[in-house]
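In: this one's structure only:
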């Protein structure tokens, strides 16, 4: 396909995936059938290439959406949720549990998990996503990949959610083995960074781990509120924006030390993998990694024009593999940020080179382009459309890159020595203080 046709197919697949996760399965199957027939007809007649591209995108996304939605609404987990039944089951955690303060002041722990087996007189295997909820602190310190056996009451999720049930756990989890070794090592690094930040003022103490590893547990409530009002809450979650900052800085440094193009790409790939490892391979981080891979492929090929078609292909593949991504703000931000980097950032870099060395020009242009492109999405998704939401994002944007990079250095250092990491954490606190200032206004 030509770049234009790939772009059309990607837009069609994206829109269809959004609709497919909101409509009934029978309607989505009908859309998939119409798309498939239209694609076959257009290809057979060897005309209307644009129609064929759009129809292919529709058929792929609709088929995937029908399969995914049917899987969530059927099977043993959906049956338990429909009956509000209580059952013993084995689950595998997908991401770190998060603590939420309820209106009564108690701590509620929530975690995304996959039910792998319903335990009982007639055990049933499953591979179904659920949301776990528990007041038992035993869930708090568990790591992704940990298998647990628990008892819980199943309830239906909200309409159009990407889980099959919400499970209210009864009692603490019974651990089955240990999480994978890489999750344990990453858990140690994350805990070490939090220790290195203990001496910081309250706002940066919470923001540094938040920017680096997506851990928002230490962010003060007042700052949370102000960031929500100013549309800055996206900075608290690891996303494509953070990863593209890392990618841009690493590529700039690799170029600055004289590495050849393919060597630069290899170093950048290692940086992306390391970031994913530290921030956890959660769905949002994996989305960001795929989008970053688009930039790397374009750099590896040495052709700027190859980036946009590759991005279009990545969108088609991602929404086909998981159509619920199409409705995720993180996915939108990843696509928009990557598009800005491959389309806008090169021109900005060329202009900045008149006054700055190329590595520094790249390091400035990449996050600036991503931030500017993402700001409208951020305001709509997280802000309250207040007059100061856009200025707040533009003011805080330049501080994100140094905070992320210094925070990563602090995390790497803290894994070896907490004392050595503390000065680096203080350096990372300077730009995060600027982010907090932008939020507080």
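Out: Nice, thanks for sending it over. Nothing here was measured: the structure is a model prediction, and the numbers come from that model.

In: Bridged to the closest residue to residue 139 other than its chain neighbours, which residues?
Out: Nearest residue to residue 139, sequence neighbours excluded (C-beta to C-beta, 6 or more residues apart in numbering): residue 109, at 4.5 Å. From N, CA and C alone the C-beta is placed, and that goes for glycine too. On the basis of DSSP bridges, residue 109 is bridged to residue 99, residue 134.

In: Give me the neighbour count for residue 109.
Out: Neighbourhood size, residue 109 [other C-beta atoms under 10 Å]: 20.

In: Can you verify my assumption that it contacts residue 142?
Out: No. Using C-beta atoms under 8 Å, residue 109 is not in contact with residue 142; the gap is 9.2 Å.

In: Which residues are in contact with each of these two?
Out: Common contacts of residue 109 and residue 142, defined by C-beta atoms under 8 Å, 6 or more residues apart in numbering, comprise residue 97.

In: how close does residue 58 get to residue 160?
Out: 20 Å (C-beta to C-beta, to the nearest Å).

In: quick one: which of these two has more around it?
Out: Applying other C-beta under 10 Å to residue 58 and residue 160 shows that residue 58 carries more neighbours, namely 25 against 12.

In: Can you check what pLDDT the model gives that one?
Out: Looking at residue 58, its pLDDT stands at 93.

In: Secondary structure element holding it?
Out: helix 49-73 (DSSP states H and E).

In: quick one: buried residues of that helix?
Out: 51-66, 68-69, 72 (16 or more other C-beta atoms under 10 Å).

In: Stretch 38-49 too?
Out: 38-39, 42.

In: Nearest to residue 151, out of the residues you listed: which one, please.
Out: residue 39 (48.1 Å; C-beta to C-beta).

In: Where does the closest one fall, secondary structure wise?
Out: Applying DSSP H and E, one finds residue 39 within helix 25-45.

In: next one: residue 182
Out: Taking DSSP H and E as the definition, one finds residue 182 inside helix 181-196.

In: Following element in sequence after that helix, please.
Out: Next in line after helix 181-196, if elements are assigned by DSSP H and E, sits helix 202-213.

In: May I see the buried residues of that next one?
Out: Buried residues in helix 202-213 (16+ other C-beta under 10 Å): 203-213.

In: Please apply the same query to stretch 87-95.
Out: Within stretch 87-95, the residues scored as buried using 16+ other C-beta under 10 Å are 87, 89-95.

In: For it, the averaged confidence score.
Out: Averaging pLDDT residue by residue across stretch 87-95 gives 91.

In: which residues are in contact with it?
Out: Contacts for stretch 87-95 (C-beta under 8 Å, 6+ apart): 80, 111-120, 126, 129-130, 132, 142-152, 154, 176, 179, 280, 282-283.

In: between whatever helix or strand residue 227 lives in and helix 202-213, how big is the angle?
Out: For residue 227, the host element (DSSP H and E) is helix 221-229. For helix 221-229 against helix 202-213, the angle by axes from the mean of the first three to the mean of the last three C-alpha atoms, to 10 degrees is 60 degrees.

In: rewinding a little: please name every helix or strand in contact with the helix holding residue 39.
Out: Under the contact definition 3 or more C-beta pairs under 8 Å, 6 or more residues apart in numbering; DSSP states H and E, helix 25-45 sits against helix 3-20, helix 49-73.

In: between the ones you listed, which gets nearest to residue 432?
Out: helix 3-20 (33.5 Å).

In: Which elements pack onto that closest one?
Out: helix 25-45, helix 49-73, helix 307-321.

In: Output the ones you listed as TSV; include the columns distance to residue 264.
Out: Converted to TSV, the helices and strands packed on helix 3-20 look like this (distance: least, C-beta to C-beta, whole Å):
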stretch	distance to residue 264
helix 25-45	39
helix 49-73	33
helix 307-321	15
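
In: Tell me which of those helices lies nearest to residue 3.
Out: With C-beta to C-beta as the yardstick, what comes closest out of the helices and strands packed on helix 3-20 is helix 307-321 (4.4 Å).

In: buried ones in that closest one?
Out: Buried-residue list, helix 307-321, by 16+ other C-beta under 10 Å: 307-316, 318-320.

In: for that helix, packing partners?
Out: Applying 3+ C-beta pairs under 8 Å, 6+ apart, one finds that helix 307-321 makes contact with helix 3-20, helix 49-73, helix 283-301, helix 329-343.

In: can you do 6 Å?
Out: helix 3-20, helix 49-73, helix 283-301 (3 or more C-beta pairs under 6 Å, 6 or more residues apart in numbering; DSSP states H and E).

In: what sits up against it?
Out: For helix 307-321, the external contacting residues (C-beta atoms under 6 Å, 6 or more residues apart in numbering) are 3, 6-7, 9-10, 13-14, 17, 60-61, 64, 290, 294, 297-298, 325-326, 338, 342.

In: for stretch 414-433, same thing?
Out: Against stretch 414-433 from outside (C-beta under 6 Å, 6+ apart): 189, 192-193, 195-197, 200, 204, 207-208, 399, 402-403, 406-407, 409-410, 413.

In: Pull out the buried members of the residues you listed.
Out: Buried among those (16+ other C-beta under 10 Å): 189, 192-193, 196-197, 200, 204, 207-208, 399, 402-403, 406-407, 409-410, 413.

In: Low-confidence ranges, the stretch 151-300 of the chain, go.
Out: 231, 234, 236-241, 244, 281-288, 291-292, 294-300 (pLDDT under 70).

In: Endpoint to endpoint, stretch 166-179 covers what distance?
Out: With C-alpha to C-alpha, to the nearest Å applied, stretch 166-179 spans 23 Å between its terminal residues.

In: Residue 168: which element?
Out: Going by DSSP H and E, residue 168 is in strand 165-169.

In: Residue 153 too?
Out: Residue 153 belongs to strand 147-155, assigned by DSSP H and E.

In: Please identify the buried residues of that strand?
Out: Buried, per 16+ other C-beta under 10 Å, within strand 147-155: 147-148, 150-155.

In: Can you tell me the strand partners of it and which way each runs?
Out: When DSSP bridges is applied, strand 147-155 pairs with strand 86-93 (antiparallel), strand 165-169 (antiparallel), strand 174-176 (antiparallel).

In: Could you check the angle the first one makes with helix 181-196?
Out: Per the same axes, to 10 degrees, the angle that strand 86-93 makes with helix 181-196 is 80 degrees.

In: What is the distance between strand 86-93 and the centre of its chain?
Out: How far strand 86-93 lies from its chain's middle: 25 Å, per C-alpha atoms, centre = their mean, to the nearest Å.
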